[in-house]
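Participant: Prediction below, plus the sequence it came from.
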Amino acid sequence: MTGKSRKKEEVPTEEVVEEVQVDPLAEANAKAEEYLDMARRVQADFDNFRKRAQKEKEEYRAFATADLMGDLLTIVDDFDRALEHADPESDIAIGVNGIRKNLMKVLESKGLKEIDASGKFDPNYHEALCTVEAETEGDVAEVFQKGYCIGNRVLRYSKVKVTKKKENTNTGVGE
């Protein structure tokens, strides 16, 4: 026999199979931890859902009455106009003023707030109807109609007159 015809001898290999002992108690504890973790997540998700639903319910309640409040504001405006033309010491003016105050207390208890119309013009809360020349630019000069909001939502914009800076119209003589 030559070296070329040699056959490789096969060496039998023995597979070593080790049996892994699984501890049933450790496996049960791992499953219990997994289930406890899932239960905590479900509980947290439900708690978040409950809070979100409560918040949405409150927002819906606040904005559901917005149309009614808008209609009632026209009545408040009528009371204001009546009080402007009445003698403040008359019994009727005192009664109308009392009714107006009570109506405003009810509306304010439902979240209505008057928009501050003093100071600078803010297009987020004011509607400029006209301008008037003054020393400063962008101030509210006069309020034609009060504005109101519910929370951060504007129910009615304040209708105002806004100042604009006087233009120098001095033209030099002889130029």
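Facilitator: Thanks, I have the structure now.
Participant: after the longest helix belonging to the chain, next one along is what?
Facilitator: Determined from DSSP state H, the single longest helix within the chain is helix 24-64. Using DSSP states H and E, the helix or strand that directly follows helix 24-64 along the chain is helix 66-84.
Participant: how much does that following helix deviate in direction from helix 24-64?
Facilitator: Angle of helix 66-84 versus helix 24-64, following axes from the mean of the first three to the mean of the last three CA atoms, to 10 degrees, is 40 degrees.
Participant: Show me what counts as buried in helix 66-84.
Facilitator: 66, 69, 72-73, 76, 79, 83 (16 or more other CB atoms under 10 Å). Every C-beta, even on glycine, is put in place using the N, C-alpha and C of the backbone.
Participant: And residue 130, which helix or strand is it part of?
Facilitator: strand 126-134.
Participant: Now do that strand: which elements does it pack against?
Facilitator: In terms of contacts (3 or more CB pairs under 8 Å, 6 or more residues apart in numbering; DSSP states H and E), strand 126-134 is packed against strand 140-145, strand 158-165.
Participant: Just want the angle from it to strand 140-145.
Facilitator: Using the same axes, to 10 degrees: strand 126-134 against strand 140-145 is 140 degrees.
Participant: what comes into contact with strand 126-134?
Facilitator: Strand 126-134 is touched from outside by 115, 117, 121, 140-142, 144, 147, 157-167, with contacts defined as CB atoms under 8 Å, 6 or more residues apart in numbering.
Participant: same thing but at 6 Å, please
Facilitator: 141, 157-164, 166 (CB atoms under 6 Å, 6 or more residues apart in numbering).
Participant: what's the answer for stretch 57-66, then?
Facilitator: With CB under 6 Å, 6+ apart, stretch 57-66 has contacts from 110-111, 150, 155.
Participant: which intervals of the protein have sub-threshold pLDDT?
Facilitator: Residue ranges of the chain with pLDDT under 70: 1-20, 168-175.
Participant: follow-up on the earlier one: nearest to residue 101, of the contacts of stretch 57-66?
Facilitator: residue 110 (15.4 Å; CB to CB).
Participant: Now do the phi/psi pair for the closest residue to that closest one other than its chain neighbours.
Facilitator: Distance criterion CB to CB, 6 or more residues apart in numbering; nearest residue to residue 110, sequence neighbours excluded, is residue 65 at 5.9 Å. Torsion angles at residue 65 (phi, psi; degrees, to the nearest 10) stand at phi -90, psi 0.
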